[in-house]
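**Student:** model this:
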Amino acid sequence: MTFNGWLQIALFSVVIALLVKPFGGYMTRVFTGERTFLSPVLGPVERLFYRLSGVDEKSDQNWLTYAVSMLLFSLVGFASIYALMRFQAMLPFNPAGQSAVEEGLAFNTAMSFNTNTNWQSYVPETTMSYLVQMAGLTVHNFVSAATGIALAIALIRGFIRRSAKGIGNFWVDLTRCTLYVLLPISIVVGLFFVWQGMPQNLGAYTEATTLEGAKQVIAQGPVASQEVIKMLGTNGGGFFNTNSAHPFENPNAITNFVQIVLIFSIGAALTNVFGRMIGDQRQGWAVFAVMGILFLGGVVVAYWAEAAGNPAFAPLGIDTAASSLQAGGNMEGKEVRFGIANSALFATVTTDASCGAVNSMHDSFTPLGGLVPLFNIQLGEIIVGGVGAGLYGMLLFAILAVFIAGLMVGRTPEYLGKKIEAKEVKMAMLAILILPLSILGFSAIATVVAAGLAGPANQGPHGFSEILYAYTSATGNNGSAFAGISANTMFYNTTIGLAMFIGRFLMIVPMVAIAGSLAAKKIVPASAGTFPTHGPLFVGLVVGVILIVGGLTYFPALALGPLVEQVAMNAGTLF
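**Tutor:** Just a heads-up that it's a prediction; the model follows:
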């Protein structure tokens, strides 16, 4: 570990903290329908969309209508991107002549981008045409992200409304998020990325002659426009197979820093939106503090583990200490231009959020270094989390925390003036427990059937970790992978696709039901017995509940994989 490495981590943390309040204030104005500096330009466009689609922006939907609207929109989105891939050979903007995508892979990819997972069981530059990349994958990067943010706003309305039936209008929330938040930032930062060296064209692939005289095909295309929303929307799907480790997707240290800031920016700022909309910004800062504590804990462990390297190399006389001549530590699977600190930071950030982009190969991390991204996702990706998904996931744990606090003092739990009763707790537990059921269930199946065992490139604990990570990433709607697993098979395409569906929609529907239930309740005035939910005690309680639930749920599986690997590595028997 170096001072420079810690300085970069500290700089990132400070930048995110500074963005929370101004960005949160802007998004609050967007979702409450107030005027913003973009309203003179985008207001007429927004109203035109409503007229063309027949949407009344003043209409209010109850939780069931809101959820059905979201599900129908997702269904149409799934069908559209599936059709694009199946017919891409007959469609324009296909200079490389890509053939139709096979049925199982098309199902997996359509489900992946529709659920904001962006898991990729294929090599993008040799599989997808420019049209599919732009009209399919990039478009879904926008709308799947906007869907998550809209759902978070709906849950916030459940807390602030009293005796109400409605929680907002899905179509209005979706439109405003895309038009006022995602598009403007993507245009500005996308142009910055082009300036920094990312391709943005529709030209044919370039043929180059190497120094040895061989022919090399260099893929290019509309990269920058997909790259920016891939990060901002915490999508993660790359234009190239090596994702943000590819120089066209991530040319230098500046673009690398901007990318990880984009990943956290909306999720962190939504905590401030939460505080502003409920009328107490301290509540938002408390949620942000929980996220911050868990983030810092993860990045410290990941950086320490990767900087320490593999102790089994020491008896061989290999020097792995950092010096002016070498980076030291575990450089396997990492880009030299980023190094260990930025690789560990990127891996922690991308798995704290449901992004899935990578600038290094998680499969090559040390056992404890790889445990951090794995456990981050297993917690439900609530540490900032996916855009919107992180906030509503964290609020589900907050509901569980105040319920536990109420049990300890023998009082009906309250959160933000709303009594937390049996229905809310049951729905919260259903949303939280569906994740381990999918992760552990599919992992168990894959470790006993021949089709599942054919996927991992490694045997023993690490092979198990590759399987566990695949279903963790899919269910957590992350999309990153331990790259050693070969997942482009009918078994993995189907089961991982189902895991992505479960992780997205079977968590969302109970959450929207909670929003509707809370909106119908009256506000209960605070009293002497009300548990304050904006101070250090509440922050500590929520952190404790998250770690206890995550630890008890996943410890047996983690002990079979990363923890056993770590013990073996320390004993000098694992390289």
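**Student:** how far does the helix or strand where Gly406 lies sit from its chain's centre?
**Tutor:** Taking DSSP states H and E as the definition, Gly406 sits inside helix 389-409. Helix 389-409 sits 21 Å away from the centroid of its parent chain (Cα atoms, centre = their mean, to the nearest Å).
**Student:** and the nearest residue to Ala341 once chain neighbours are set aside, how far from Phe12?
**Tutor:** Excluding its sequence neighbours, the residue lying closest to Ala341 (Cβ to Cβ, 6 or more residues apart in numbering) is Gly5, at 3.0 Å. For glycine as for every other residue, the C-beta is placed from the backbone atoms N, C-alpha and C. Distance of Gly5 to Phe12, given as Cβ to Cβ, to the nearest Å: 11 Å.
**Student:** do you have the helices of the stretch 1-150 of the chain handy? List them.
**Tutor:** Ranges of helices in the stretch 1-150 of the chain, per DSSP state H, counting those that start in this stretch, are 3-31, 39-53, 63-86, 103-114, 124-127, 130-131, 139-160.
**Student:** meant to ask about the stretch 151-300 of the chain
**Tutor:** In the stretch 151-300 of the chain, the helices defined using DSSP H, counting those that start in this stretch lie at 170-176, 183-195, 223-232, 253-277, 281-308.
**Student:** list the buried residues for the second one?
**Tutor:** Put plainly, it is helix 183-195. The neighbour-count check on helix 183-195 (16 or more other Cβ atoms under 10 Å) flags Leu183, Ile185, Ser186, Val189, Gly190, Phe193, Val194 as buried.
**Student:** for it, C-alpha coordinates in PDB please.
**Tutor:** The C-alpha trace of helix 183-195 is given here as PDB (Å, rounded to 0.1, in the frame of the first residue of the first chain):
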ATOM      1  CA  LEU A 183     -29.400  12.500 -21.200                       C
ATOM      2  CA  PRO A 184     -27.800  15.900 -20.400                       C
ATOM      3  CA  ILE A 185     -25.000  14.400 -18.300                       C
ATOM      4  CA  SER A 186     -24.400  11.700 -21.000                       C
ATOM      5  CA  ILE A 187     -24.100  14.200 -23.800                       C
ATOM      6  CA  VAL A 188     -21.600  16.400 -21.900                       C
ATOM      7  CA  VAL A 189     -19.500  13.600 -20.500                       C
ATOM      8  CA  GLY A 190     -19.700  11.600 -23.700                       C
ATOM      9  CA  LEU A 191     -18.100  14.500 -25.600                       C
ATOM     10  CA  PHE A 192     -15.400  14.600 -22.900                       C
ATOM     11  CA  PHE A 193     -14.700  11.000 -23.400                       C
ATOM     12  CA  VAL A 194     -14.400  11.500 -27.200                       C
ATOM     13  CA  TRP A 195     -11.900  14.200 -26.500                       C
END
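**Student:** ok, how many other residues are close to the residue nearest to Ala341?
**Tutor:** The local packing of Gly5 (other Cβ atoms under 10 Å) involves 21 other residues.
**Student:** which ones are touching it?
**Tutor:** Counting by Cβ atoms under 8 Å, 6 or more residues apart in numbering, Gly5 touches Tyr303, Ala307, Gly339, Ile340, Ala341.
**Student:** return the most buried member of the helices of the stretch 151-300 of the chain.
**Tutor:** Neighbour counts (mean count of other Cβ atoms under 10 Å) averaged over each of the helices of the stretch 151-300 of the chain peak at helix 223-232, with a mean of 27.
**Student:** helices or strands up against that helix?
**Tutor:** Here helix 223-232 touches helix 139-160, helix 183-195, helix 253-277, going by 3 or more Cβ pairs under 8 Å, 6 or more residues apart in numbering; DSSP states H and E.
**Student:** residues in contact with the spatially most central residue of the chain?
**Tutor:** The centroid of the chain falls nearest to Ser354 when counting by Cα atoms, centre = their mean (0.9 Å). Shown in contact with Ser354 (Cβ under 8 Å, 6+ apart): 116-117, 234, 236, 377, 381, 385-386, 389-390, 476-479.
**Student:** any idea how far the closest residue to it other than its chain neighbours is from Gly329?
**Tutor:** Spatial nearest neighbour of Ser354, excluding adjacent residues (Cβ to Cβ, 6+ apart): Gly386 at 3.2 Å. Using Cβ to Cβ, Gly386 is found at 30 Å from Gly329.
**Student:** where does pLDDT dip in the chain?
**Tutor:** Low-confidence segments of the chain, defined by pLDDT under 70, span residues 572-575.
**Student:** centroid-wise, who is the farthest residue in it?
**Tutor:** Largest centroid distance in the chain under Cα atoms, centre = their mean is Gly213 at 42.5 Å.
**Student:** returning to what we had before: between Gly386 and Gly329, which one's more packed in?
**Tutor:** Shown here are Gly386 and Gly329; by other Cβ under 10 Å, Gly386 has more neighbours (35 against 28).
**Student:** mind checking the SS state of the more buried one?
**Tutor:** Classification of Gly386 by DSSP: H, G, I helix; E, B strand; the rest coil places it in coil.
**Student:** enumerate every residue touching it.
**Tutor:** By Cβ under 8 Å, 6+ apart, the contact list for Gly386 reads Asn116, Ala145, Gly148, Thr234, Gly267, Ala353, Ser354, Cys355, Asn477.
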